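# fold the following, please.
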Amino acid sequence: MKRRVRKAIFPVGGLGTRFLPATKALPKEMLPVVDKPIIQYAVEEAKAAGIEEFIFVTGRGKSAIEDHFDHSYELSETLHKRSKYQELAEVSSSMLKPGQVAYTRQQDPLGLGHAVWCARNLVGDEPVAILLADDIILSDTPCLKQMMEHYDDNGGNLVAVMEVERQLTRNYGIVAPGKTRDRLIEVKGLVEKPEPEQAPSNLAVIGRYILQPAVFDHLSRFERGAGGEIQLTDAMAKLIGVQPFHGVLFEGRRFDCGTRVGFIDANIAFALRRPDMVDRMRDILRRYQ
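The predicted model follows:
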C-alpha cells in the first residue's frame, strides 16, 4: 500500500564558503532572494505540496534559521503598534505551527547522504521528501507538488530532473533513462558527475526527491563515494530495480543559489515577477544593455 508523504528533510548544515565573507556570521540559507530568505522558498514549496512535518538538518551557526521560523514577539508587537498590518501578516506567514518543525545537527560534514541519514529517526518508516534549499524553482505549479501528483499515481521513488547542455553533465548526477510517459521518466541508473562523453543522457537530477525509507538502510552503511563523502546518489542507485524509480521532468526554471551568479539571476527573475517591482527593474536592467 502506497503511504502518503507527510515529512520533508531540509539539509542546511553547509558552511556556504562560496559566499564568504557574507556567510561568516549569516547562514547561506538566510540570504534574501528579493525579500525572503532562500530557505523560505523551499519551505513554502513543501507546504504547497501538502507536507505536514519539517525536519531541518543544521550545523553550527545556524540558529538564525530556527529563529526565522519562530515567533518574534518584539517585532510583532512593534509592527502592530505602528499599524503595519501587511508586514505583520508577512512575518506571521513564515512561522511553522507548534509540533510541525524539528531540528537535528549534522555534527560532521560527511556529505549530503550523511545529512539525510541524520534525520532517520525523525522520519521513521515513512516515505520522505528532501528539498535542497540552494535550488529555487520558479514555476506556476511548485516543483514538489508536480512530483507529488506523479507519486500519487505511481508511488516508489522520484527525483526532479532537467535537461542540461551535454558539456555540463560533469556537474550533476545524471539519469540513465528508460521509458518516458507524461514527463515521467523511468530511471534505469544514476551516474554521479560523469564526463560528457560517458554520460548516459543529459537529464540532470536537481535538489528535489521523494524517497522510500529503504534509502536509510543503504545510507547507514556509511559507504564513501565521490569526494570521500557519503553520497545520496549512491544510496538511491541501490533502490533502482528493487523499487519503482522515476524522474519527473518538471515544468519551471531552476536557479542554483549555491553559486553567486545563480543567486543574482534568481533575484532578478523573482523581482521581475513582482508587480510592484517589474517596471523599475526593467528600467534598471536597460542601463546595462
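
# shouldn't Thr17 be in contact with Thr23?
Yes: the pair Thr17 / Thr23 is scored as a contact, 7.4 Å apart, by Cβ atoms under 8 Å. For every residue, glycine as well, the C-beta is placed using N, CA and C.

# neighbour-wise, which of the two wins?
Shown here are Thr17 and Thr23; by other Cβ atoms under 10 Å, Thr23 has more neighbours (18 against 9).

# contact partners for the more buried one?
When contacts are counted by Cβ atoms under 8 Å, 6 or more residues apart in numbering, Thr23 touches Leu15, Gly16, Thr17, Leu31.

# could you export these as TSV, including pLDDT and distance to Gly262?
Converted to TSV, the contacts of Thr23 look like this (pLDDT from 0 to 100; distance: Cβ to Cβ, whole Å):
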residue	pLDDT	distance to Gly262
Leu15	78	18
Gly16	81	13
Thr17	86	15
Leu31	94	12
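
# among those, who's most crowded?
Busiest of the contacts of Thr23 [other Cβ under 10 Å] is Gly16, holding 19 neighbours.

# and that residue, how far is that from Phe10?
From Gly16 over to Phe10 the distance is 15 Å, taken as Cβ to Cβ, to the nearest Å.

# and Asn121, by the same measure?
16 Å.

# just the helices from the chain, written as ranges.
Using DSSP state H, the helices of the chain run over 38-48, 63-68, 73-81, 85-93, 112-117, 120-123, 143-154, 214-219, 232-237, 260-272, 278-286.

# circling back: neighbour count winner among Asn121 and Phe10?
With neighbours defined as other Cβ under 10 Å, Asn121 and Phe10 compare such that Phe10 has more, 25 against 10.

# ignoring the adjacent residues along the chain, who's closest to the more buried one?
Among residues not flanking Phe10 along the chain, Phe56 sits closest, at 4.9 Å (Cβ to Cβ, 6 or more residues apart in numbering).
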